[in-house]
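*Asks:* give me coordinates for this.
(chains A and B)
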Amino acid sequence: MSVASGTGEELRPVVLRDAAGGSWRNIASMREFGLVLIILALCVVMSFASPYFLSWGNFRAMLMSFSIEGIVVVGMTVLLIVGAIDLSVGSVVCFAMVVAGTAFLSGLDPWTASLAGIAASAFIGVAMASFVTLIGLHSFIVSLAFMVIVRGLCLAITDGRPLSLFSLPPSFKFIGQGTLPLDLRSLGFAQVYDVPVVILIFLAVVVVFDLLLRKATVFRKVFYTGSNEKAAQYSGIRTNRVKFFCIVLCASLSGVAGVLYMARFGAAPPTFGVGMELNIIAAAVIGGASLKGGSGTILGAILGIALLSVVSSSLTLLDVPPVWQDVIRGVILLTAVTIDHLLHTRKRARGAVRAS
Amino acid sequence: MQPLALEVRNVSKHFGPVRALDGVSFCLRKGEVHALMGENGAGKSTLMNIIDGILRPDGGEILVDGRPVEIASPQKAHELGIGLVHQEIALCPDISVAENISMAATNRRRAWLMDYRALRDRAGEILASLAEIDPQALVGELSISEQQIVEIAKALALDCSILILDEPTAALTEREAGKLFEIIAQLKARGISIIYISHRMAEVFAHCDRISVLRDGRYICTEEVAATTQEEIVRRMVGRHLGDIFPPKNPGSATAPVLMSVNGLGDGGRVRDVSFELRRGEVLGIAGLIGAGRTEIALGICGLSRLTAGKVVFEGSEVTPRSYVQSISNGIVYLSEDRKGAGVFVDLPIAMNVSALDIDRVSAAGFVSRAKEQAQAKSLADQLRLKRGSLDDAASTLSGGNQQKVALAKLLSVCPRAIILDEPTRGVDVGAKAEIHRILRDLATGGTGIVAISSELPELIGLCDRVLVVHEGRIAGEVSGDDLNEEAIMRLASGLMIEGQEAR
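*Replies:* Residues are numbered from 1 along each chain as shown, chains lettered A, B, ... in the order given. The predicted structure is shown next:
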């Protein structure tokens, strides 16, 4: 046993580090790389199938369609890494819109109203986190209950009618509807691109959280807790605090997304975001977050939602009837996670052979 | 002489290069209670798993009622009338007693629908002779001893004529154990042959007919209880020399100043009034049977479980912790016996494992410094001679011994002043074991307090300067110097010293 394992371990670095090929192989073995390949392949196929696909307009539409949702995906990914889940995100996004909208209509300035909306979402997060950590219920069932409760609150606050917010000042609408010119002509690009502010906010959130998740000590504890809660406790990590933090973070980011939607649509419909949670969880899982906790990356999750978005856009451009689009989306989700699972079990089997 | 119910001839079993059983022979007479004794790792469980069809032997033969049989699966064992009651209770807590008892029968049943009334009646019938347990109660609502009886009933439901009980009293109180022995006497009167595995001398001598002893996977002897003594059996169980090479001990530690003292520790459960002192430069061992409360004592000292009484004093100042976080900042850390479950993060990289106890040590302004983290992991990995690929590889790529070194490196990363190690070399191969022993001795010499809990007596004797023996949540005694031998520890651990004195 000792002899066999010894040689196995000594073999390993040799395999990984053959000359300069090592780091390239590391990148190639990353899940994100596979997703990029799939997305690129899809784009190539689509560019032949539809002349509109490769236009800046279509790309901007695709980016727009997932950028606000992407902010929620970031929160969901953190939550999945810690080993929890939140089914209430769709309702909480809507709650932030409705609370901020109501506050604005009652005379508050839109910025303060937005803060109130985000605070309301954070409060929902605190409530859910309390049930999970203090009472010890599973986050699945707690968030399922809050999904229904919060949706009910949205309907109650608005009497079931959408809030019209046309009177929002242009300076506020700018964060949801405005664009900034991106001049890349000096780099050989043909035109000046109008980049929506929403996309810039989304990119900022992604960059910040990607950095935090990889580097910040607070988020390190998220990985420890999700990877093995008991080992984390035996390392002196207060795992309940970590879970509490993650649940509140996800709800707060949902609140931010809600406010952005409000600025973009100039309205707050109380039925907004129904079913959104499934798309978001699917994106995080396609991007490599495990429902068992302990693994996941922001980049992967964003690529996950990008893939879903490219697929949606393709289906529309190809005139696939809307009724069939959901079926295809579901099949793609199933295919992605199946392939990933099979790849991982094979990798683990190889690891086991090496270790024995 | 009665005819034989079961005969095992020359059975061997290897796990890789490890010889778990080496030509073991063993006879069970009809209607006798036959104790099987031996240290942890002597091969008792392996032999029982072979008889129950869970493991296949590499060689030898098994005869039931005088006919050679091949026991390929637990189902086959059931057909032959063999029932094994495992040490750990394996019942479904959320379903009724009756359904648990008839699980095997339900599995074989051809009908589409459950016949709950028949289940209930059958369970009632079997339980009637054993104890007053409601067949409709949920197993999870029963006490541990009642669950143990349900386990036995489950074996009896298979109409077994040979019943194997693997340490059935490990989790029972004395009174509950007494009830169990009444049941065993009843079963014996019904002509059922029983193999009884236990570490507890007193109960074996009070309730068994014969005793067989295994040691290091070999059959040693079979004695009539009436014709032997407890001392004789203990000698047979442990009679061997130490094969391992241990680092030299520190005889000066007996008179060294006290580093840590534990006074009157209690957790409101198993642990009662535990007091001891750890001296500078000393490796202190804690021995005891599984379930005696050794781990609970360690958890209490480190703030991983709530204490109801007692205090911990380190170098003159009280450090009784309210949480493990506090204990870590006091410099007292714990290595779990459950390496995969609570020791290492198997899916995370080695470097991340090492830094887990105090990430702030490798961080600046709230961000982890990769350079610092790698340097920390590298320095500790070198110090512990960790065999590894990259420090970014998951801990799961390492062998058991090297994973244990990662767990140890994690503790050392905070420069602890005292380390309590629970089974520090469990599941670790011989080479890594010797290295871990050397590391612990070096740490002790360097002034770190070392407390090692172990079920392996040779390890305790070879490694420790002094060994405390825990029996039923209390310190039953301590052995050191020339008295530090397996017999002395076993006597204290099995309660023989105390119970023997009471009997006289």
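
*Asks:* contacts, neighbours, all on C-alpha from now
*Replies:* Will do.

*Asks:* spell out which parts of the stretch 201-350 of chain A neighbour chain B.
*Replies:* Residues of the stretch 201-350 of chain A lying close to chain B by Cα under 8 Å from any Cα of the partner chain are A:212, A:215-218, A:224, A:227-228, A:230-232, A:234-237, A:294.

*Asks:* and with 6 Å instead?
*Replies:* A:215-217, A:230-231, A:235-236 (Cα under 6 Å from any Cα of the partner chain).

*Asks:* quick check: closest non-adjacent residue to the one residue sitting closest to the centre of chain A.
*Replies:* Centroid-nearest residue in chain A, with Cα atoms, centre = their mean: A:V73, separated by 1.4 Å. Using Cα to Cα, 6 or more residues apart in numbering or on different chains and skipping residues adjacent in sequence, the residue nearest A:V73 is A:I280, 5.5 Å away.

*Asks:* next, count neighbours for the one you found.
*Replies:* 30 (other Cα atoms under 10 Å in any protein chain shown).

*Asks:* name the element it belongs to?
*Replies:* helix A:276-286 (DSSP states H and E).

*Asks:* what's near enough to touch the residue of the stretch 51-200 of chain A found nearest chain B?
*Replies:* Chain B sits closest to A:I81 of the stretch 51-200 of chain A, with a gap of 12.4 Å, by Cα to the nearest Cα. By Cα atoms under 6 Å, 6 or more residues apart in numbering or on different chains, the contact list for A:I81 reads A:226, A:293-296.

*Asks:* cool, and B:L21?
*Replies:* Applying Cα under 6 Å, 6+ apart, one finds that B:L21 lies in contact with B:12-13, B:43, B:217.

*Asks:* pLDDT value on A:V82, please?
*Replies:* Confidence at A:V82, expressed as pLDDT, is 96.

*Asks:* ok, and the closest non-adjacent residue to it?
*Replies:* A:G226 (3.9 Å).

*Asks:* where does the one you found sit: helix, strand or coil?
*Replies:* helix (DSSP: H, G, I helix; E, B strand; the rest coil).

*Asks:* show me what the helix holding A:I280 is packed against.
*Replies:* helix A:89-105, helix A:298-317 (3 or more Cα pairs under 6 Å, 6 or more residues apart in numbering or on different chains; DSSP states H and E).

*Asks:* go again with 8 Å.
*Replies:* helix A:56-81, helix A:89-105, helix A:298-317, helix A:322-355 (3 or more Cα pairs under 8 Å, 6 or more residues apart in numbering or on different chains; DSSP states H and E).

*Asks:* who wins on neighbours among the contacts of A:I81?
*Replies:* Going by other Cα under 10 Å, A:G226 tops these with 27 neighbours.

*Asks:* give me every residue that touches that residue.
*Replies:* Neighbouring residues of A:G226 by Cα atoms under 8 Å, 6 or more residues apart in numbering or on different chains: A:81-83, A:292-295.

*Asks:* buried among the contacts of B:L21? Make that a ChimeraX selection.
*Replies:* To isolate the buried members of the contacts of B:L21 in ChimeraX, using 16 or more other Cα atoms under 10 Å in any protein chain shown:
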select /B:12,13,43,217
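
*Asks:* could the contacts of B:L21 go into TSV alongside secondary structure and distance to chain A?
*Replies:* Below are the contacts of B:L21 laid out as TSV (DSSP: H, G, I helix; E, B strand; the rest coil; distance: Cα to the nearest Cα, whole Å):
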residue	secondary structure	distance to chain A
B:S12	strand	19
B:K13	strand	16
B:G43	coil	19
B:G217	coil	19
